[in-house]
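1. Starting from these lines, generate the structure:
(one chain, ligands or ions: 1)
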Amino acid sequence: MKVYIDGQFYEKEDAKVSVFDHGLLYGDGVFEGIRAYNGRVFRLSEHLKRLEESAKAIFLSLPIPIKKIEESLLESVRVNGLKDAYIRLVITRGIGDLGLDMRKCKKNASVIIIADKIELYPPSFYEKGLDLITSSIRQRTPDQLSPAIKSLNYLPNIMARAEAVRAGAQEAILLSQQGYVSECTGDNIFYVQDGNLYTPPTYAGILDGITRGAVIDIAREKMGLKVEEKLFTVHELYRAAEAFVTGTGAEVVAAVKIDGHPIGSGVPGPLTKKIAQAFQDYARSHGTPIYEEVKAR
Ligand code: PXG
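-> You can find the predicted model right below:
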């Protein structure tokens, strides 16, 4: 595997950053997790826009134009010969001293691109659905570091995920400080009631998920479903007909149990299955072509 760092490709073993990089010392940086399906990068311009917005929010100037980042990302997939890929794009603050002051990072920010094979979740994950718990860790309020910023600070999410695993579940729901459902540690959440879809609005303090956006578009435009963004509590999830989570890693996966309550009949629901299939069909036929022959198709 070859990893891109600041304009050069390195073998995996040699792909290293400085111990003085503020990305390591403080989690000072931003990232994107992106997928390629069937030779096409899924919703690349949306990912790049979110990256630019996250970087701007933390006063991080991208060291190269976004177009160059896009080209390097496509090149990273090509040099690794991948058609289906998981791509991690990381911008770190760069090398500074042992202080918080970002002005001490004299060198430019660093751009890292890792294009890897997809680690598919076990098929049982999709067939059986997930068990979720409500985490004891609350979502940070939007007046702190906004949850819309995809920064390198993931410790609350990591701790919430560990809490889920300790409880024998796979994912955890973070409630807002007011007790409303916000999102999961690496996914957004939806539920189904009376054939309609519901998901928390971006102002609930969530990451504006790219998969979430695609699912909303597909549900509305291709499936003719009503999708409402609204605040809701776990109570609405417990009594929902179906629930599912969306994310670049997870794609669309049913949530079949939440805090021990079976959701609907406790198995992936029919609408969830349809949406998951529609998402797959869409993802495999849309997106930025990585190779000339895909462009020509
Ligand atoms: N909320 C949070 C907090 C996330 O980190 C999502 C929602 C879903 O957003 P996207 O844009 O991916 O639909 C995320 C994304 C992983 C993994 O390995 C997690 C994410 C992205 C990629 C991989 O679990 N989180």
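2. Could you identify the helix or strand that succeeds whichever strand or helix holds Leu48?
-> Leu48 is part of helix 44-57, with elements assigned from DSSP states H and E. The first helix or strand that comes after helix 44-57 along the chain, using DSSP H and E, is helix 66-79.
3. can I assume Ala164 is in contact with Leu132?
-> Yes - with contact defined as Cβ atoms under 8 Å, Ala164 reaches Leu132; the gap is 7.2 Å. In this view, the C-beta of every residue, glycine as well, is placed from N, C-alpha and C.
4. shared neighbours of these two, anything?
-> Common contact partners of Ala164 and Leu132 (Cβ atoms under 8 Å, 6 or more residues apart in numbering): 170-172.
5. So which of those residues reach the ligand?
-> Among those, not one lies near the ligand by Cβ under 6 Å from any ligand atom.
6. In helices only, show me those.
-> Using DSSP state H, no member of the shared contacts of Ala164 and Leu132 sits in helices.
7. so for the biggest helix by length in the chain, what's the average pLDDT?
-> With secondary structure taken from DSSP H, the chain has its longest helix at helix 270-285. Regarding helix 270-285, the rounded mean pLDDT is 97.
8. tell me which strands and helices the helix or strand that that helix is followed by is in contact with?
-> Downstream of helix 270-285, the next assigned helix or strand under DSSP H and E is strand 288-289. Contact here means 3 or more Cβ pairs under 8 Å, 6 or more residues apart in numbering; DSSP states H and E; on that basis strand 288-289 packs against strand 40-41.
9. So what are the sheet partners of the strand it packs on and their directions?
-> The strands beside strand 40-41 in its sheet (DSSP bridges) come out as strand 29-37 (antiparallel), strand 288-289 (antiparallel).
10. Can you name the residues of this structure sitting close to the ligand?
-> The chain has residues 33, 157, 183, 186-188, 207, 209-212, 246-249 near the ligand, with proximity defined as Cβ under 6 Å from any ligand atom.
11. Can you say which of those are buried?
-> Among those, those buried by neighbour count (16 or more other Cβ atoms under 10 Å) are 33, 157, 183, 186-188, 207, 209-212, 246-248.
12. Tell me where the chain is predicted with low confidence.
-> In the predicted model of the chain, residues 120 satisfy pLDDT under 70.
13. what domains does the record give for it?
-> Annotated domains of the chain cover 2-116, 123-283 [automatic domain parsing].
14. Format those domains as JSON lines; extra columns: distance to Ala296.
-> Converted to JSON lines, the domains of the chain look like this (distance: least, Cβ to Cβ, whole Å):
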{"stretch": "domain 2-116", "distance to Ala296": "11"}
{"stretch": "domain 123-283", "distance to Ala296": "20"}
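15. Select, out of these, the one closest to Val294.
-> domain 2-116 (3.9 Å; Cβ to Cβ).
16. on that earlier part again, tell me which other helices or strands the longest helix of the chain touches.
-> Going by 3+ Cβ pairs under 8 Å, 6+ apart, helix 270-285 lies up against strand 29-37, helix 210-217, strand 242-247, strand 251-258.
17. give me that answer again for 10 Å
-> In terms of contacts (3 or more Cβ pairs under 10 Å, 6 or more residues apart in numbering; DSSP states H and E), helix 270-285 is packed against strand 29-37, strand 40-41, strand 188-193, strand 196-199, helix 210-217, strand 242-247, strand 251-258.
18. so of the ones you listed, which one's packed in deepest?
-> Ranked by mean neighbour count, the helices and strands packed on helix 270-285 are led by strand 242-247 with a mean of 27 (mean count of other Cβ atoms under 10 Å).
19. Now do the contacts for the residue in the chain that the ligand sits nearest to.
-> As assessed by Cβ to the nearest ligand atom, the ligand sits closest to Gly33 within the chain, at 2.6 Å. For Gly33, the contacting residues are 47, 86-90, 150, 186, 210, 247-249, by Cβ atoms under 10 Å, 6 or more residues apart in numbering.
20. switch to 6 Å and redo it
-> Going by Cβ atoms under 6 Å, 6 or more residues apart in numbering, Gly33 touches 88, 248.
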